[in-house]
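Visitor: pasting the sequence and the predicted model now:
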Amino acid sequence: MSRPLLDGPAPSPLTDRFGRVHTDLRVSLTDRCNLRCTYCMPAEGLDWLPRPELLTDDEVVRLVSVATRRLGITEVRLTGGEPLLRRGLPGLVARLHALPQAPELSLTTNGIGLARSAAALRDAGLSRVNVSLDTLRPERFTAITRRDRLADVLAGLRAARTAGLTPVKVNTVPLRGVNDDEIAELAAFAVEHGYRARFIESMPLDAQGAWDRERMVTAEEILDRLGERFDLVPVGRRDNAPAEEWRIAGTDTVVGVIASVTRPFCGGCDRVRLTADGQLRNCLFATGESDLRALLRDGAEDTEIEAAWRHCIAGKSPGHAIDSPEFRRPERPMSAIGG
Ligand code: SAM
Ligand code: SF4
């Protein structure tokens with residue numbers, strides 16, 4: 001599908017008081033999920049948001065349109081919960097892609113159902129996907145996610161590559177004594193199949209509040225594990241990108257490490273987040289939100305939405321301060337914010 005031509009004046013940047021310019025919007029499309037990853041939510045799931053509280057497709061499109069036309073947002077990542085559970089997702093993607101000043105569109109998913117929808121999403125205008133996969137061993141997958149769905153995720157990954165949703169990135173959260181012995185294997189899997197591998201330090205954002213620093217596998221440990229099997233050639237870090245990246249010598253495969261806890265990248269953060277119920281958050285760890293849904297449903301003009309958005313970003317903290325004694329976990333867990 002071809003993109004419409006740009007129109008209107010260039011938007012003025014969405015800048016905070018530390019000079020950080022925000023161009024990357026994460027939109028959570030649902031808080032529901034069909035897995036129950038132990039580091040994310042409890043076995044029984046959570047109290048899902050009632051449907052009337054969720055932003056409608058029209059509301060999502062309106063907010064993204066304000067963000068791209070007036071605030072300089074250039075990239076939108078769709079996430080959740082599990083975004084593939086959102087009914088009519090290809091239609092929503094097509095509408096976002098058809099916006100004037102359409103953003104680059106990507107998706108973070110657990111991969112279940114991607115085998116069926118990858119081609120339609122690509123045709124609708126999605127550029128690429130990140131698929132979460134913490135293990136290649138079926139029993140272990142069931143233990144981590146509490147569901148026996150490894151085959152579906154692997155099929156989803158293959159379909160994403162075939163559909164051209166590339167580079168396909170495989171996101172892994174290593175946990176000590178759970179899957180940290182598979183770090184090199186997962187990187188080898190990425191080499192074999194032409195994916196990129198990304199390892200993410202676990203963060204205190206699980207719904208149960210059970211995060212434990214001792215179980216977190218640090219970036220340094222991840223690199224040690226990779227270094228035992230591969231020669232890693234640094235490829236540096238793209239401006240503001242959270243992942244530090246290396247190429248596996250002798251291959252085209254890039255592995256990334258996202259060290260949110262031990263090597264925070266808050267100083268270059270360019271992200272802003274919209275929850276499925278229309279609350280704007282200036283940080284994953286923010287304790288406050290701005291209610292854009294209320295504004296929308298009260299009939300606000302674009303200028304009012306823009307002003308609320310700028311106000312929210314103006315209040316952004318310099319960093320997440322996980323190591324500070326004053327650190328408070330946000331009330332919403334990762335699955336409800338949109339990771
Ligand atoms: N359901 C989709 C998925 O799993 O990709 C999208 C939402 S999920 C919240 C987004 C990403 O957050 C996943 O890669 C997941 O592994 C990661 N994640 C969830 N809980 C986390 C935690 N406590 N610490 C670090 N990453 C976490
Ligand atoms: Fe679901 Fe993603 Fe959380 Fe796993 S990490 S329970 S797939 S939202």
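Guide: Cool, the structure landed. Ligands and ions are numbered 1, 2, ... in the order given.

Visitor: what parts of this protein come near ligand 2?
Guide: By Cβ under 6 Å from any ligand atom, the residues of the chain that approach ligand 2 are Cys33, Leu35, Arg36, Cys37, Cys40, Met41, Gly80, Gly81, Glu82, Asn110, Ser132, Ser335. (Glycine included, C-beta is placed from N, CA and C.)

Visitor: among these, show me the least confident.
Guide: Across those, the smallest pLDDT goes to Ser335, namely 88.

Visitor: show residues contacting whichever strand or helix holds it.
Guide: Secondary structure from DSSP states H and E places Ser335 in helix 334-337. Here helix 334-337 makes contact (Cβ atoms under 8 Å, 6 or more residues apart in numbering) with 28, 31, 33, 40-41, 46, 49, 80-81, 203, 205-207, 273, 275-276, 281, 284, 330.

Visitor: export that helix to PDB, keeping only CA atoms.
Guide: This file holds the C-alpha atoms of helix 334-337, laid out as PDB (Å, rounded to 0.1, in the frame of the first residue of the first chain):
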ATOM      1  CA  MET A 334       4.200  -4.000  32.200                       C
ATOM      2  CA  SER A 335       1.300  -5.900  30.500                       C
ATOM      3  CA  ALA A 336      -1.100  -3.100  31.200                       C
ATOM      4  CA  ILE A 337       1.300  -0.300  30.200                       C
END
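
Visitor: which residue packs closest to whichever residue of the chain sits closest to ligand 1, ignoring adjacent ones?
Guide: Using Cβ to the nearest ligand atom, the single residue of the chain nearest to ligand 1 is Gly339, 2.8 Å away. Among residues not flanking Gly339 along the chain, Thr79 sits closest, at 6.0 Å (Cβ to Cβ, 6 or more residues apart in numbering).

Visitor: Arg247 pairs with what?
Guide: Val233, Val254 (DSSP bridges).

Visitor: so how far is Leu46 from it?
Guide: Arg247 is 39 Å from Leu46, where distance means Cβ to Cβ, to the nearest Å.

Visitor: between these two, which is the more surrounded one?
Guide: Leu46 (19 against 16; other Cβ atoms under 10 Å).

Visitor: contacts only, for the closest residue to that one other than its chain neighbours.
Guide: Distances taken as Cβ to Cβ, 6+ apart place Ala207 nearest to Leu46, at 5.7 Å, with adjacent residues excluded. When the contact criterion is Cβ under 8 Å, 6+ apart, the partners of Ala207 are Cys40, Met41, Pro42, Leu46, Pro333, Met334, Ser335, Ala336.

Visitor: show me where this protein has helices.
Guide: Assigned by DSSP state H, the chain shows helices spanning 57-70, 89-97, 114-124, 138-145, 150-163, 183-193, 219-229, 292-297, 302-314, 334-337.
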